[in-house]
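>>> Structure for this input, please:
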Amino acid sequence: MHLEKAYRVGGYVRDTLLGLKPMDVDWVVIDESPESMTAKGFTQVGAFPKFIHPVTGDDYALGRSKIMEVTASGDFLYDWRGVTLADDLRRRDLTINAMAMMDDGSIFDPANGQEDLRLGILRHVDDESFLEDPLRILRVARFAAKFDFPVAPETMHLMSRMVADGMLASVKAERIWQETEKALLEVTPRNYFEVLDQCGALKVIFPELDLLKGIPQRADYHAEGDAYVHTLMVVDEATIRTRGHEKSRKLRIRMAGLLHDLGKANTAPDLLWHPDGSVRGNHYGHESPRLFKAPLNALAKRIKMPNEVRSFAYRAGLGHQQIHQVQGLGAKGMESLFELLDLDRVLRHDSHFLADLVTFCEADQYGRRTLNADGSVSKPTSYPQGKYFLEAMKPLAELEVGPVFLASVAKSEAQAERRKKPFDKAKAIADAKIEVRAARRAAARRFLGEVEIEERSPGR
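A predicted model of the protein is given here:
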């Protein structure tokens, strides 16, 4: 399976030069064919001639040149016949990804990617090849999130032109989600959305986020600016707080930070501004399903967001205002919050849900600025609601609702028998649910009583 002209390319070379450990190795092969590759033991995969090494599992692709055709599924088929290494690198998206490493470790760098890597800039390689694939708009934005590099002006101009020409319409929703998911897991996720905004793509792909720009907020609560500025600040805070989390938890907390305030774009104008045009910024009820659910679902559907991510973001948006105010909720309010979040069901299969919800709420709290009476601006310094919420929900979650439910149904059945009336199962179940809610309120009252006792204890 010896290959005369096989070179390590792309991310492997880039990350090696940055002193990072490459996640995997991609190879480009010159002067071979699909037949010669399979004859040497490689397994072909995908529409474009791509192969898997039988021992290492590394990806090997034939050098590619111009696009031959676009398949019905939207995949590109490239010409590989007679392609040189320089031809292949010219078709890559960014100069920092258009380098090849020789066997001796030297770098073949026709697009001057090493210099752009030194400068820390994202620059496209070739106008013609970049224009062939509008997905590259999202890839550039994702690399901005990964490396915190700015986009070169000429590349941003080209991306803006592609957006204006409607080229994003051809990008499949699944690919949009793949790039968005990767971006949210990167070092600086906000850069992904800022780059998309700069080239006009945010308005096309994420119009619900774009609508938050210019939506005013009360300065005493949100001195940082409009709802879009606050959203990106929350994403920043969520990023900081989830660096050590596993992928799935990191993703859903950051996504909740991104989407939690979509309902603010639906606030009635008379709540946003006073009659004289000054800012009122009242967003009462922005978390309600009436204002929040429709834009969330529309966005999730458009980019094929997985249901488990959407569900967490929905519950986070639905409950964050009440969690911020949890210390003022009475027993009935706590029971209502428990039911609103559907915790009886959620906690059966998601042991991290409450902790992740609190992490998101902390990010929301810290992702804002407060205008003080003296005109100064300050950042929140604590979030006691998080611990309080966890402690308040614990006795409600630990309540064994099964015995309460069954006892209530049995009671209804016995009453029907004594009264010689037919047993109404539907009503008995409805009454049992009321009994369960009452039991949870009782658990909440006990918690509140314990808190009051602790606060009165000496030394506290």
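>>> Packing partners of the lengthiest helix in the chain?
Of all segments of type helix in the chain, defined using DSSP state H, the longest is helix 425-456. Other helices and strands packing on helix 425-456, by 3 or more C-beta pairs under 8 Å, 6 or more residues apart in numbering; DSSP states H and E, are helix 331-340, helix 384-398, helix 401-418. Every residue, glycine included, has its C-beta placed from N, CA and C.
>>> and the first one, how far from the chain's centre?
Right, helix 331-340. In this view, helix 331-340 has its centroid 28 Å away from the chain centroid, taken as C-alpha atoms, centre = their mean, to the nearest Å.
>>> So which bits of that helix are buried?
A331, G333, M334, E335, S336, L337, F338 (16 or more other C-beta atoms under 10 Å).
>>> now that helix and helix 425-456, what's the angle there?
Helix 331-340 runs at 120 degrees relative to helix 425-456, counting by axes from the mean of the first three to the mean of the last three C-alpha atoms, to 10 degrees.
>>> re earlier: what's the least confident stretch among the helices and strands packed on helix 425-456?
Lowest mean pLDDT of these: helix 401-418, a mean of 73.
>>> Can you say which of the helices and strands packed on helix 425-456 is nearest to P289?
Distance to P289, taken as C-beta to C-beta, is lowest for helix 331-340 among the helices and strands packed on helix 425-456, at 10.1 Å.
>>> Need the contact partners of the closest one.
Residues from elsewhere that reach helix 331-340 (C-beta atoms under 8 Å, 6 or more residues apart in numbering): 318-319, 322-323, 326, 329, 344, 392-393, 396-397, 437, 440-442, 444-445, 447-448.
>>> Please indicate which of the residues you listed are buried?
Using 16+ other C-beta under 10 Å, the buried ones in the contacts of helix 331-340 are 318-319, 322-323, 326, 329, 392-393, 396-397, 437, 440-441, 444-445, 447.
>>> so M102 touches F108, yeah?
Yes - in this structure, M102 is within contact of F108 by C-beta atoms under 8 Å, at 6.4 Å.
>>> of these two, who's got more company?
F108 (15 against 11; other C-beta atoms under 10 Å).
>>> My guess is R64 contacts T84. True?
No - contact criterion C-beta under 8 Å: R64 and T84 do not qualify, at 11.0 Å.
>>> Which one's more surrounded, the two?
R64 (22 against 13).
>>> Just confirm that one is within a strand.
No - going by DSSP: H, G, I helix; E, B strand; the rest coil, the assignment for R64 is coil, not a strand.
>>> what pLDDT does the closest residue to A407 other than its chain neighbours get?
The spatial neighbour of A407 that comes closest, neighbours along the chain excluded (C-beta to C-beta, 6 or more residues apart in numbering), is E435 at 7.8 Å. If you check E435, the pLDDT there is 80.
>>> What about E435, how many residues nearby?
With other C-beta under 10 Å as criterion, E435 counts 17.
>>> which residues are contacting the helix or strand hosting D356?
Assessed by DSSP states H and E, D356 sits inside helix 353-366. The contact list for helix 353-366 (C-beta under 8 Å, 6+ apart) reads 234-235, 237-238, 240-242, 249, 252-253, 256-257, 260, 312, 315-316, 319-320, 323-324, 341, 343, 346-347, 379-380, 383, 385-386, 389-390, 393, 397.
>>> So which residues of the stretch 51-200 of the chain form helices?
Using DSSP state H, counting those that start in this stretch, the helices of the stretch 51-200 of the chain run over residues 85-90, 113-119, 127-131, 135-147, 153-164, 173-184, 190-198.
>>> how close does G46 sit to F338?
Note on G46: its distance to F338, by C-beta to C-beta, to the nearest Å, is 48 Å.
>>> same deal with N297?
Taking C-beta to C-beta, one finds N297 at 24 Å from F338.
>>> for M305, same thing?
From M305 to F338 the distance is 26 Å (C-beta to C-beta).
>>> Report the spatially nearest residue to F51, omitting neighbours in sequence.
F42 (3.8 Å).
>>> Tell me the confidence at the one you found?
So, for F42, pLDDT stands at 89.
>>> just the one 10 residues further on next, same as before
As summarised for this prediction, I52 has a pLDDT of 91.
>>> Please report how far it lies from W27.
According to C-beta to C-beta, I52 stands 11 Å off from W27.
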